[in-house]
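K.L.:
coordinates only, sequence not included:
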């Protein structure tokens with residue numbers, strides 16, 4: 001049976017891909033069994049991968065909500081928009097967890113002109129990072145070679161003024177083949193969803209359980225928008241919200257307790273003492 005991918009191309013449906021994604025998300029055996037028995041019966045020729053994702057997610061949320069959140073990670077990164085602003089703050093928070101001190105939205109002077117840098121990072125023993133955080137709200141969109149050319153050109157100009165700076169290109173989706181070829185040829189620092197192999201953004205997130213708040217699909221978009229606008233981008237930050245703070249974002253007391261319980265399980269955080 002043929003299904004439609006997010007970029008519009010057609011491919012043969014493979015249940016093994018769903019199974020692999022659930023295994024990576026550490027979904028329970030009972031939930032995996034239910035999905036693999038139920039979802040293929042709901043698919044017709046031309047069904048989109050997004051529709052399949054939503055159907056799998058719906059089943060998982062009923063049986064294994066923590067596994068559902070992990071399974072939803074890739075899709076949740078597309079929900080951080082609609083602008084790139086939340087993604088920039090989110091990546092800055094990731095860098096913080098890896099020992100970097102960061103600033104978002106910095107203007108730096110190169111040898112020739114000034115440059116707007118999405119995230120600027122400093123860490124002892126490393127070159128400073130001038131990060132271009134390229135956000136897409138569709139998994140079918142890729143960061144192309146034009147962006148790679150721009151980031152490398154900016155890197156050269158910044159480094160000509162300060163040898164301790166290194167340009168970095170990050171995207172929440174994937175790079176085109178030409179972007180990867182150029183980046184590798186020029187020895188650029190690049191990080192896409194699964195690039196470099198075993199060192200991509202997905203692993204960067206999973207290794208420290210730094211899930212975005214958008215992994216919880218039941219939080220309304222307008223609530224996500226309010227929270228990310230005020231810099232709340234990590235799921236674990238929900239655990240520090242008071243009932244009154246949550247109400248400001250449109251989250252009731254019951255939902256807050258449910259979300260905090262899920263977050264504690266998802267991020268392996270210690271439970272608050274009563």
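P.N.:
Everything's here; your move. Everything numeric in this text was worked out from a predicted model, so none of it was measured.
K.L.:
Now tell me what touches the biggest helix by length in the chain from outside.
P.N.:
For the chain, the helix that runs over the most residues, judged by DSSP state H, is helix 145-161. Contacts with helix 145-161, where a contact means C-beta atoms under 8 Å, 6 or more residues apart in numbering, come from 108-113, 115, 130, 132, 134, 165-169, 175-176, 178-179, 181-183, 186, 188, 190. For the C-beta atoms, the positions are set from N, CA and C on the backbone; glycine is no exception.
K.L.:
now stretch 57-73
P.N.:
Contacts of stretch 57-73 (C-beta under 8 Å, 6+ apart): 21-22, 24-28, 30-31, 34-35, 38-39, 56, 75, 202, 205-206, 211, 215-218, 235, 262, 265-266.
K.L.:
And for stretch 175-185?
P.N.:
With C-beta under 8 Å, 6+ apart, stretch 175-185 has contacts from 142-145, 147-149, 152, 169, 188, 190, 192, 195.
K.L.:
With stretch 91-103 instead?
P.N.:
104, 118-123, 129, 131, 133, 170, 204-205, 208, 210, 233-234.
K.L.:
Return the members of the residues you listed classed as buried.
P.N.:
Buried members of the contacts of stretch 91-103, counted by 16 or more other C-beta atoms under 10 Å: 104, 118-121, 129, 131, 133, 170, 204-205, 210, 233-234.
K.L.:
pLDDT, distance to residue 243 and secondary structure added to those residues, as TSV?
P.N.:
Listed next are the buried ones among the contacts of stretch 91-103 as TSV, based on pLDDT from 0 to 100; distance: C-beta to C-beta, whole Å; DSSP: H, G, I helix; E, B strand; the rest coil:
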residue	pLDDT	distance to residue 243	secondary structure
104	97	29	strand
118	98	34	strand
119	98	32	strand
120	98	36	strand
121	98	35	strand
129	98	38	strand
131	98	36	strand
133	97	33	strand
170	98	35	strand
204	95	33	helix
205	96	28	helix
210	94	25	coil
233	94	21	coil
234	95	20	strand
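K.L.:
Tell me which two of these sit farthest apart.
P.N.:
120 and 205 (20.7 Å; C-beta to C-beta).
K.L.:
Break this protein into its domains for me.
P.N.:
2-71, 80-205, 209-266 (automatic domain parsing).
K.L.:
ok, of the contacts of stretch 175-185, which come out buried?
P.N.:
142-143, 145, 147-148, 152, 169, 188, 190, 192, 195.
K.L.:
Just name the closest of those residues to residue 82, please.
P.N.:
Of the buried ones among the contacts of stretch 175-185, the one sitting nearest to residue 82 (C-beta to C-beta) turns out to be residue 143, at 17.2 Å.
K.L.:
Next up, the contacts around the closest one.
P.N.:
Counting by C-beta under 8 Å, 6+ apart, residue 143 has contacts 134, 136, 169, 171, 173-176, 179, 192.
K.L.:
Tell me the one among the contacts of stretch 175-185 nearest to residue 9.
P.N.:
residue 142 (12.5 Å).
K.L.:
Angles on the backbone of residue 135, please.
P.N.:
phi -100, psi 140 (degrees, to the nearest 10).
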